[in-house]
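Asks: would you be able to build a 3D model of this:
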Amino acid sequence: MSTPTSPTVALVDTRWAGHHPTYLREFSASLLRIGARVLLLCQKPEEILGSLDDAPSDRIAGFPFIHRNHGVISRGRDHDPLSTPLRWRASAEILHRAETDTGWTADLVFFCYLDSYLRFSPFPMLPTMTLGRPWSGLYFRNGHLEFPADPLRRAAKGDRLLRSPDCRAVCTLDERFNDTLEEISGHPAIAFPDITDETLPEEPTPAARAIRERAGDRKVIGLISMEKRKGLITLLKAALRAKELREPWYFVATGPFPRETFSAEELAFLDGVVERIASGEIDNIHFDTSGDRIQDGAPYNSLFSSFDLVWAAYEAFEGSSNALTKAAAFRIPLVATAGQCVGARVDGFQLGRTFPEGDPEGAVEAIRGALARVAPDGSPLVPAFDSYHRAHSRDRLDEVFRDLAFNRGVAADAPEQATG
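Replies: Below you'll find the predicted structure:
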């Protein structure tokens, strides 16, 4: 095994969409900062390695997660009862190949999307039988723990597998149910920082400049990536209501636009908004339906930081969002759907205002209050941006990985609570 002063950590992620490349880059950089060696097992390791400045070749090596049974790594197979044991076996085989090629032995395997290694598996010994290494991982979808035990749902989620004797700890982005998770797993549950890339370009990008020019003196309320769960319909309805009320606001919706996630009725509404913007009838909305992806990092952050208010009003969504981390880093207030993880944090840290899910009138009132920095009871809204940012910073990430990798116990403290 590796010496205690230089542990080797294998980062495993079978996904590549969304924030996964960003997380892998940040996790790799964190492990290198704390003195660990990294075996990077993912779909495109060369992209991660290329994005790490001066990454030492004697401390990090990448290997494509390619397996003869390609269904194992397919996102569409996450709900297949057979995929979980196959995933563990495939990961073990690829890890063995990486260890053989490098001569390094993994002291810890960290699954960057643990959920797909749990589904439908009631066998705590599965990791020992396949991987045979200490492991941990980031559990994204743990919202079911809010409710009393449902045997069928608990079995479907595969929480029993967390009782594996090789599990070192379970990390969560949504820390609300960590006490329950510790009871179920028998292992520490760690509040994991929802980190984000905070790089800004030296000058605003053309896209960011164009938004500010179109907005003029109006306040910009912005949403990047127009998935249905991000409340696009409610945002546009709130914008239409704001126009009727002559509010000096400019609404921006841009980035990927997955039309297939919307119903025919919803698409008819969206297409109607596009037509009304094109005709000049609506002048307070920028609605970009091209679907172009905005690269995370400087291009994304330049546009994001041009907003006066961030739309974080997720719908039918239980988890965390690093949009809050970006907003805290750039000191921009948010509006969010009340309740669940995001709403609880926005209220708890006074990062902005919340409103009932799918309520355009409530959204308008929340926007008005957040921009004026006024709480619902009329008192001043004092955003605890610094406190929130500390809880979801690279320093906190280094702390968690240091405790996991060097096996000196775990930093299981929940994020500090806002006092404002």
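Asks: grab the longest helix from this structure for me.
Replies: Ordering each helix of the chain by length in residues (DSSP state H) puts helix 83-102 first.
Asks: distance of residue 200 relative to residue 251?
Replies: 23 Å (Cβ to Cβ, to the nearest Å). From N, CA and C alone the C-beta is placed, and that goes for glycine too.
Asks: more neighbours: which of these two?
Replies: Taking other Cβ atoms under 10 Å, residue 200 and residue 251 do not tie; residue 251 has more neighbours (26 against 16).
Asks: is it correct that the more buried one falls within a strand?
Replies: Yes: counting by DSSP: H, G, I helix; E, B strand; the rest coil, residue 251 is found in a strand.
Asks: which ones are touching it?
Replies: Residue 251 makes contact with 220-222, 235-236, 238-239, 242, 284-286 under the criterion Cβ atoms under 8 Å, 6 or more residues apart in numbering.
Asks: again with residue 24
Replies: Contact criterion Cβ under 8 Å, 6+ apart gives 11, 13, 40, 42, 48, 112 as the residues in contact with residue 24.
Asks: what about residue 219, how many neighbours?
Replies: Residues contacting residue 219 under the criterion other Cβ under 10 Å number 16.
Asks: list the contacts of it.
Replies: Residues counted as contacts of residue 219 (Cβ under 8 Å, 6+ apart) are 248-250, 308-309, 371.
Asks: shaky segments in the stretch 301-420 of the chain?
Replies: Within the stretch 301-420 of the chain, the segments meeting pLDDT under 70 span 408-420.
Asks: all strands of it, in order?
Replies: In the stretch 301-420 of the chain, the strands defined using DSSP state E, counting those that start in this stretch lie at 309-312, 334-337, 352-355.
Asks: deepest of those strands, which one?
Replies: Using mean count of other Cβ atoms under 10 Å, the stretch among the strands of the stretch 301-420 of the chain with the greatest mean number of neighbours is strand 334-337 (a mean of 28).
Asks: hang on, isn't residue 363 packed against residue 239?
Replies: No: when contacts are counted by Cβ atoms under 8 Å, residue 363 is not listed as touching residue 239 (9.1 Å).
Asks: with neighbour numbers in mind, choose between the two.
Replies: Comparing residue 363 with residue 239 by neighbour count (other Cβ under 10 Å), the higher total belongs to residue 363, at 29 against 26.
Asks: now do that one against residue 192, distance only.
Replies: Distance of residue 363 to residue 192, computed by Cβ to Cβ: 30 Å.
Asks: element containing residue 104, please.
Replies: Counting by DSSP states H and E, no helix or strand carries residue 104.
Asks: residues near it, how many?
Replies: 20.
Asks: how about residue 318?
Replies: 18.
Asks: coming back round to it: just the buried residues of the contacts of residue 219.
Replies: Buried by 16 or more other Cβ atoms under 10 Å: 249-250, 308-309, 371, out of the contacts of residue 219.
Asks: among those, which pair sits farthest apart?
Replies: Farthest pair in the buried ones among the contacts of residue 219 (Cβ to Cβ) is 250 and 371. Separation: 12.1 Å.
Asks: for stretch 42-55, how far is the first residue from the last?
Replies: One end of stretch 42-55 to the other measures 17 Å (Cα to Cα, to the nearest Å).
Asks: ok, now stretch 143-159?
Replies: Per Cα to Cα, stretch 143-159 runs 12 Å from first to last residue.
Asks: what comes up buried for it?
Replies: 144-145, 157-159.
Asks: show me where pLDDT drops low in this structure?
Replies: By pLDDT under 70, the low-scoring segments of the chain are 1-5, 67-81, 148-151, 154, 408-420.
Asks: for it, identify the residue most remote from the centre.
Replies: For the chain, the residue at maximal distance from the C-alpha centroid (Cα atoms, centre = their mean) is residue 279, at 36.9 Å.
Asks: now that residue: how far from residue 273?
Replies: Residue 279 is 11 Å from residue 273, where distance means Cβ to Cβ.
Asks: before we move on, the earlier item: return the set of buried residues in the longest helix of the chain.
Replies: Neighbour count says helix 83-102 has 83-92, 94-95, 98-99, 102 buried, by 16+ other Cβ under 10 Å.
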